[in-house]
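Chemist: just the structure for this:
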Amino acid sequence: MTSAEVTRRQAMGAGLGALAGALAGCSGASGPVRRLRLATGPEGGPYNAFGQALAQAVAASGHRIEIVPVSTAASVNNLRKLDDGSVELALAMADAAEDAVLGREPFPRPTPVTALARVYVNYTHLVVAADGPVRSVKDLAGRPVAAGAAGSGVQVVTERVLRAAGLSGAPAPAPAPVSTSAPTSTPAPTSALAPAADERPLGLAASVSALREGSVDALFWSGGVPTPALAALARELPLRFLPLDDYVGPLRERYAPVYTAVTLPAGVYGLTEPVGTIGVGNYLMARADVPQDAVRDLLRVVFDRWRDLLREVTAGARLEPRFAISTGEVPLHPGAVAHYRSVYG
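Modeler: This is a model prediction of the structure:
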């Protein structure tokens, strides 16, 4: 168990006691509206949709906070904005968030950011044309691949999958000491002479266009299920969704337990059978200096309106406290700890 998990469990195990009384009536306090900028993602993407929905829910809640969504390149870019103070809140994939907190590449030093909640899980999609030459990750050797926008969490997971397959031109970082369990078997890498995949830094809309036009042979995407842009593409072009579940163990061993095995279900995107892939959590993040009362008010809205917030990003997801506090090495904001204590004991 990590030190962050120990601290979290101690905090969650504390009783309601006097804290609940101290929190009573916070939402009714008078005073100026607190404006919080939320780094989301590119327009039309799931982070942006979540941010817009959250801003609307907060505006209708009566709490004296205002959420201002800010369009960005997504996870890595968002964490940098949190660090430099250009936003107070952000959405970020769990792997990028842990990299920031631990000071791993691409972050030059540990970044003092906090989590408010783990809100939903992204599913990693590796999509190719059904009649194309690519039928496995190893077939990407030397081929053009849409690898996610620069500064996005998609780019992080793409690079790691390709590295595990022996298809990345980037040097492998030293593994983080994230597990003491027995080593997990790694998919056999391609030959050392195999060329790296030709990674193209493209966002989702550009990736879809490039695959449709044939200028890339595959696209990586990490998002909810179904992702509307991919569902639309599947209706106009026969697609194949390649399995990635063999890479979950190696990624967990090298980086962190933030990677999990999940399944694209039969029926979505026209799939006739399930496809195993890699799941990565998404965190609602905050600077540590965001006031605790604002965090508590925000989380009240998130938990009251989670069905509306998640409707736009992933089907069938639920938001529960035991799920929400599972943020690994990323510490919970003190206001988040206070919220979970007061409501759930």
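Chemist: show me the contacts for the nearest residue to G132 once chain neighbours are set aside.
Modeler: Spatially, and ignoring its direct neighbours in sequence, G132 is nearest to D217 (6.0 Å; C-beta to C-beta, 6 or more residues apart in numbering). Heads up, the C-betas are built off the backbone N, CA and C, glycines and all. Contact partners of D217, counting by C-beta atoms under 8 Å, 6 or more residues apart in numbering, are 128-129, 132-134, 140, 143-145.
Chemist: distance to P274, secondary structure and pLDDT added to those residues, as CSV?
Modeler: Output for those, formatted as CSV (distance: C-beta to C-beta, whole Å; DSSP: H, G, I helix; E, B strand; the rest coil; pLDDT from 0 to 100):
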residue, distance to P274, secondary structure, pLDDT
V128, 18, strand, 98
A129, 21, strand, 98
G132, 22, coil, 94
P133, 24, coil, 94
V134, 20, coil, 97
L140, 22, helix, 98
R143, 26, coil, 98
P144, 28, strand, 98
V145, 24, strand, 98
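Chemist: which one of these sits closest to I325?
Modeler: Minimum distance to I325 across the contacts of D217 is 35.5 Å, recorded for V145 (C-beta to C-beta).
Chemist: show me which positions of stretch 272-285 end up buried.
Modeler: Buried residues in stretch 272-285, counted by 16 or more other C-beta atoms under 10 Å: 275, 277-285.
Chemist: ignore what I typed, I meant stretch 303-314.
Modeler: For stretch 303-314, using 16+ other C-beta under 10 Å, the buried residues are 303, 305-306, 309-310, 313-314.
Chemist: contacts made by that stretch with the rest, please.
Modeler: 46-47, 49-50, 53-54, 57, 61, 119-121, 123, 223-225, 302, 317-319, 324, 343.
Chemist: if we use 6 Å, what do you get?
Modeler: 46, 49-50, 53-54, 57, 120, 224-225, 317, 319 (C-beta atoms under 6 Å, 6 or more residues apart in numbering).
Chemist: how about the secondary structure of the nearest residue to H333 once chain neighbours are set aside?
Modeler: Nearest residue to H333, sequence neighbours excluded (C-beta to C-beta, 6+ apart): T114, at 3.9 Å. Classification of T114 by DSSP: H, G, I helix; E, B strand; the rest coil places it in strand.
Chemist: per-residue pLDDT of T114, please?
Modeler: T114 is assigned a pLDDT of 98 by the prediction.
Chemist: and for P257?
Modeler: 89.
Chemist: next: A117.
Modeler: With respect to pLDDT, A117 scores 97.
Chemist: kindly report the same for G31.
Modeler: Per-residue confidence (pLDDT) for G31: 73.
Chemist: burial check on it, number of neighbours?
Modeler: Using other C-beta atoms under 10 Å, G31 has 7 other residues around it.
Chemist: name the element it belongs to?
Modeler: Under DSSP states H and E, no helix or strand contains G31.
Chemist: and for P144, the neighbour number?
Modeler: 18.
Chemist: does it touch V216 like I think?
Modeler: Yes - contact between P144 and V216 holds when scored by C-beta atoms under 6 Å: they sit 4.5 Å apart.
Chemist: wait, what's in contact with F323?
Modeler: Residues counted as contacts of F323 (C-beta under 6 Å, 6+ apart): none.
Chemist: rerun at 8 Å
Modeler: Residues in contact with F323 (C-beta under 8 Å, 6+ apart) are R118.
Chemist: doesn't it fall inside a helix?
Modeler: Yes - assessed by three-state DSSP, F323 belongs to a helix.
Chemist: end to end, how far does stretch 306-319 reach?
Modeler: 6 Å (C-alpha to C-alpha, to the nearest Å).
Chemist: same question, stretch 40-50
Modeler: 8 Å.
Chemist: what of stretch 195-212?
Modeler: Across stretch 195-212, the terminal residues are separated by 24 Å (C-alpha to C-alpha).
Chemist: could you show me where the strands are in the stretch 51-200 of the chain, in order?
Modeler: Counting by DSSP state E, counting those that start in this stretch, one finds strands in the stretch 51-200 of the chain at the ranges 65-70, 89-93, 113-129, 144-146, 198-200.
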